[in-house]
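Enquirer: Below are the sequence and a predicted model; questions follow.
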2 protein chains.
Amino acid sequence: MQKFRDKGLKLTPQRLAIMEYLDGNRNHPSADDIYSKIRKIYPMMSFATVYNTLETLKKRGDVVEITIDPERRHYDTDTSHHHHLICKKCKKIKDIHRDFSINIPEDQKGAFEVLGNHVEFYGVCPTCNTKGE
Amino acid sequence: MQKFRDKGLKLTPQRLAIMEYLDGNRNHPSADDIYSKIRKIYPMMSFATVYNTLETLKKRGDVVEITIDPERRHYDTDTSHHHHLICKKCKKIKDIHRDFSINIPEDQKGAFEVLGNHVEFYGVCPTCNTKGE
DNA sequence: TCTAATATGATAATCTTTATCTAATTAGAA
DNA sequence: TTCTAATTAGATAAAGATTATCATATTAGA
């Protein structure tokens, strides 16, 4: 939380609410998740503010956008290098912390400047699995 | 191409045009790419038909949806297990053929049934790199 | 050639995300 | 504490991607 307070970021009640919601949140919420949840407490929250704030936090490097669910973007405050496991049914996302040290073979990389990688595992979570087919 | 002709798929001119366009196409086109291109030759092509056909081909397993560009979905007719490298600037996608044999550590997997994985490498392609900062 | 089943295309609808712009608020100086 | 410049919020429009609907047209096979 403290990490958000620095670097000339104007602290408004809306931003604080969003940051508070995100801080330590391991559920990789979507913009809509954030909006819906905070709206219950601060009904004056606007969708635009959610996107604005996410954009600001992304630029500051305090939040990372996850592209793993084709339906919508998810956000993660864990900015350390890690990977994800997604349930194809309920779309729940789980963190996978582990350095797989994967690299593109030289012959396929060519002159491409590779900046990083992200592994997306997919499958069916225990909850969805027990609910049957 | 021949692989599309089987299994009780009704062959309409529109479908054939889409299949022909996709066959051997290594550019991971988006629905819009497909639509725009084919429209020039078959002006009667509808966007709905593009999506319908993609859906059909996906179900048949002849096409795979790639979730790597947050802006839109891309499609790949190479259904073999492989990974992708995307340019953060121009969004061009390149195939990476290589089995990295990565697995989730048992303690993090739990009862999750893992069905597969996909590695997304990102960076800047040679073309965008030479265009300079 | 005929028919049942399926696909097309036009269009509306939905959903996510971005853009615009004015009024309100914040941070920091005075 | 007050004032001011800069930034942000919120309302809303707009854009863009994808899905849904449904009457009409087309296909495959009898």
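Expert: That came through fine. Residues are numbered from 1 along each chain as shown, chains lettered A, B, ... in the order given.
Enquirer: where do the strands sit along chain A?
Expert: A:64-66, A:74-76, A:83-87, A:93-96, A:113-124 (DSSP state E).
Enquirer: With mean pLDDT as new columns, can those be given to me in a markdown table?
Expert: Output for these, formatted as a markdown table (pLDDT from 0 to 100):
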| stretch | mean pLDDT |
| --- | --- |
| strand A:64-66 | 96 |
| strand A:74-76 | 97 |
| strand A:83-87 | 96 |
| strand A:93-96 | 96 |
| strand A:113-124 | 96 |
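Enquirer: Could you name the stretch from these that's closest to residue A:42?
Expert: strand A:74-76 (18.4 Å; C-beta to C-beta). (Each C-beta comes from the backbone N, C-alpha and C, glycine too.)
Enquirer: Can you list the neighbours in contact with that closest one?
Expert: For strand A:74-76, the surrounding residues in contact (C-beta atoms under 8 Å, 6 or more residues apart in numbering or on different chains) are A:22, A:28-31, A:34, A:54, A:63-66, A:68, A:93, A:95.
Enquirer: Is it possible to get CSV of the residues you listed that adds neighbour count and distance to residue B:107?
Expert: Below are the contacts of strand A:74-76 laid out as CSV (neighbours: other C-beta atoms under 10 Å in any protein chain shown; distance: C-beta to C-beta, whole Å):
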residue, neighbour count, distance to residue B:107
A:22, 21, 26
A:28, 23, 20
A:29, 20, 25
A:30, 18, 28
A:31, 16, 32
A:34, 23, 30
A:54, 20, 31
A:63, 22, 27
A:64, 18, 24
A:65, 13, 27
A:66, 18, 22
A:68, 22, 22
A:93, 21, 18
A:95, 15, 13
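Enquirer: Return the member of the residues you listed nearest to residue B:118.
Expert: The closest of those, once distances to residue B:118 are taken by C-beta to C-beta, is residue A:68, at 9.2 Å.
Enquirer: Tell me how far that closest one lies from residue B:70.
Expert: Distance, residue A:68 to residue B:70, by C-beta to C-beta, to the nearest Å: 10 Å.
Enquirer: So what touches stretch A:40-48?
Expert: With C-beta under 8 Å, 6+ apart as the criterion, stretch A:40-48 contacts A:13-14, A:17, A:31, A:35, A:38-39.
Enquirer: So chain A: which segments form each domain?
Expert: Domain ranges of chain A: A:2-76, A:83-130, per automatic domain parsing.
Enquirer: Kindly check the end-to-end length of the last one for me.
Expert: Here the two ends of domain A:83-130 are set 25 Å apart, with distance taken as C-alpha to C-alpha, to the nearest Å.
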